[in-house]
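coordinates for the following, if possible.
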Amino acid sequence: MLSITPRLAIPDDEIELTAVRAQGPGGQHVNKVASAVRLRFDIHASSLPDLYKARLLQRRDRRISREGIVVIKVQESRSQDQNRATALDRLRELILAATIEPKRRKPTNPTHASRRRRLEDKAKRARLKALRGNLMNGKDST
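Numbers count the residues shown, from 1 in each chain. Now for the predicted structure:
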């Protein structure tokens, strides 16, 4: 069981972990061992509550496919066990982020003073630009 919160856990049979060969340099030994770990988690087929499923599917995360499958590949360590633990931690963090309810935005109006400052700055900028045009007295500078 992968524990997300004290009340939420994912059974091991919903998480598919496979060992694959890591990319990059590593000498002769790299061709003999599969130390990288690929984790697959199907959001639709999981036992997560529907609210969390919907939040996960709405997230803009490149690890979540259009079909709703989370794919996490870890090859940071030479140890397969450490890579497996890291992959499970990343899945836990991803699901934990979906359990947090986003704050609702309260629309606000600009204050009277901020409106006044904005209009004063606009007038000042307009005067500066008008002065630039008068320096040339309508003549071409070439």
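
show me what whichever helix in the chain runs longest is packed up against.
The longest helix of the chain (DSSP state H) is helix 112-135. Packed against helix 112-135, as judged by 3 or more Cβ pairs under 8 Å, 6 or more residues apart in numbering; DSSP states H and E, are no other helices or strands. Bear in mind the C-beta positions are built from the backbone N, C-alpha and C, glycine included.

what sits up against that helix?
Contacts to helix 112-135, defined as Cβ atoms under 8 Å, 6 or more residues apart in numbering, come from residues Pro110.

what is the mean pLDDT for that helix?
The average pLDDT for helix 112-135 rounds to 90.

what about that helix, distance to the chain center?
How far helix 112-135 lies from its chain's middle: 40 Å, per Cα atoms, centre = their mean, to the nearest Å.

over to stretch 33-53?
Relative to the centre of its chain, stretch 33-53 is centred 17 Å away, using Cα atoms, centre = their mean.

contact partners of that stretch?
8, 10-11, 14-23, 56-57, 64, 67-75, 77-80, 83-84, 86-88, 90-91, 95, 98-99.

which ones among those map onto helices?
Checking the contacts of stretch 33-53 against DSSP H, those in helices are 56-57, 80, 83-84, 86-88, 90-91, 95, 98-99.

now distance to Val33 too, for those, in TSV please.
Output for these, formatted as TSV (distance: Cβ to Cβ, whole Å):
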residue	distance to Val33
Leu56	33
Leu57	35
Gln80	8
Asn83	11
Arg84	14
Thr86	17
Ala87	17
Leu88	20
Arg90	22
Leu91	23
Ile95	30
Ala98	34
Thr99	36
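
what's the farthest-apart pair in the residues you listed?
Leu57 and Gln80 (30.0 Å; Cβ to Cβ).

the more surrounded of those two?
A side-by-side neighbour count of Leu57 and Gln80, using other Cβ atoms under 10 Å, places Gln80 first with 19 against 13.

my guess is the more buried one contacts Val20. True?
No - counting by Cβ atoms under 8 Å, Val20 is not a contact partner of Gln80; they are 9.9 Å apart.

what sits against the residue sitting nearest the centre point of the chain?
The chain has Asp61 as the residue nearest its centroid, 5.2 Å off, counting by Cα atoms, centre = their mean. Going by Cβ under 8 Å, 6+ apart, Asp61 touches Leu94.
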